[in-house]
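Trainee: What follows is a predicted protein model with its sequence.
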Amino acid sequence: KAGVTQTPRYLIKTRGQQVTLSCSPISGHRSVSWYQQTPGQGLQFLFEYFSETQRNKGNFPGRFSGRQFSNSRSEMNVSTLELGDSALYLCASSFGEKNEKLFFGSGTQLSVL
Amino acid sequence: GNSVTQMEGPVTLSEEAFLTINCTYTATGYPSLFWYVQYPGEGLQLLLKATKADDKGSNKGFEATYRKETTSFHLEKGSVQVSDSAVYFCALITGSARQLTFGSGTQLTVLP
């Protein structure tokens, strides 16, 4: 069974640009969550989708958005990139609604120059 | 709100030494508790979990007991190996939040 797949693995952008990250969950999983990981702030929750609906959102500005498709694949978008957006973005999926067993992808390392 | 306080790292041990990484939490309601591990260049992997007070989670020689009275979930291993070198994260989730709250992570290095 394939794991959670995130693409691209690495990304370099400049300030002001926008970026889209992709996540394919484990087959059969309907919940997808996104986390930002930085050395200074650690792991912070961005948002969570279940059956195409955003159920929960973390404390991030509106420049951060996401969506989930009918096949459970998810994308997150960051517009007007800032230097502080440089981070490892992790996607996680789970089968049920409770998110008690999350499976993480390897992440997308975003560098903003 | 929910929060997790984790032992500051980095921790450096010799192979076969005893490991303890402290974790305490604050939560509304009755959380489920987790330890995740992150190897270099990879995402997080669930190491073990406990869903109610006095439960003991265990996996690959690691153990942690859910202590409600001290709001703690300390990670232990009796004899660490070089391959255990990684970053360890304590985390919790509550039913209403449906999102993991993580500690800051503890870098463990095991020397041969």
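Mentor: Thanks, I have the structure now. Residues are numbered from 1 along each chain as shown, chains lettered A, B, ... in the order given.
Trainee: closest point of chain B to chain A, which residue?
Mentor: residue B:43 (3.5 Å; Cβ to the nearest Cβ). All C-beta spots, glycine's among them, are computed from the backbone N, C-alpha and C.
Trainee: Count the neighbours of that residue for me.
Mentor: Neighbour count of residue B:43, defined by other Cβ atoms under 10 Å in any protein chain shown: 22.
Trainee: same question, residue A:90
Mentor: For residue A:90, the count of nearby residues is 24 (other Cβ under 10 Å).
Trainee: The closest residue to chain B within chain A bridge partners, please.
Mentor: Distances between chain A and chain B by Cβ to the nearest Cβ are smallest at residue A:104, namely 3.5 Å. Residue A:104 has the following beta-bridge partners by DSSP bridges: residue A:92.
Trainee: for chain A, what spans make up the strands?
Mentor: With DSSP state E as the criterion, chain A has strands at A:5-7, A:10-13, A:19-24, A:31-38, A:42-50, A:53-57, A:64-68, A:74-78, A:87-94, A:103-104, A:108-112.
Trainee: Output these as a markdown table; include the columns mean pLDDT.
Mentor: Conversion of these to a markdown table gives the following (pLDDT from 0 to 100):
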| stretch | mean pLDDT |
| --- | --- |
| strand A:5-7 | 96 |
| strand A:10-13 | 96 |
| strand A:19-24 | 98 |
| strand A:31-38 | 95 |
| strand A:42-50 | 93 |
| strand A:53-57 | 91 |
| strand A:64-68 | 96 |
| strand A:74-78 | 97 |
| strand A:87-94 | 95 |
| strand A:103-104 | 92 |
| strand A:108-112 | 97 |
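Trainee: what's the closest of the ones you listed to residue B:70?
Mentor: Residue B:70 sits nearest to strand A:42-50 of all the strands of chain A, at 23.0 Å, using Cβ to Cβ.
Trainee: Direction included, what does the closest one pair against?
Mentor: When DSSP bridges is applied, strand A:42-50 pairs with strand A:31-38 (antiparallel), strand A:53-57 (antiparallel).
Trainee: Out of those strands, which one sits most buried?
Mentor: strand A:31-38 (a mean of 23; mean count of other Cβ atoms under 10 Å in any protein chain shown).
Trainee: check contacts around residue 86.
Mentor: You didn't say which chain, so I picked chain A. A:38, A:110, A:111, A:112 (Cβ atoms under 8 Å, 6 or more residues apart in numbering or on different chains).
Trainee: meant chain B actually
Mentor: Applying Cβ under 8 Å, 6+ apart to residue B:86 gives the contacts B:37, B:38, B:39, B:40, B:108.
Trainee: phi, psi of residue A:72?
Mentor: When read as degrees, to the nearest 10, the backbone of residue A:72 gives phi 80, psi -10.
Trainee: Assess the claim that it and residue A:30 are in contact.
Mentor: Yes: with contact defined as Cβ atoms under 8 Å, residue A:72 reaches residue A:30; the gap is 5.6 Å.
Trainee: more crowded one of the two?
Mentor: residue A:72 (21 against 16).
Trainee: Turn the contacts of residue B:86 into CSV, columns for pLDDT and neighbour count.
Mentor: As requested, those are exported to CSV (pLDDT from 0 to 100; neighbours: other Cβ atoms under 10 Å in any protein chain shown):
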residue, pLDDT, neighbour count
B:37, 97, 21
B:38, 94, 21
B:39, 92, 13
B:40, 88, 7
B:108, 96, 21
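Trainee: among the residues you listed, which are within reach of chain A?
Mentor: For chain A, no contacts are drawn from the contacts of residue B:86 by Cβ under 8 Å from any Cβ of the partner chain.
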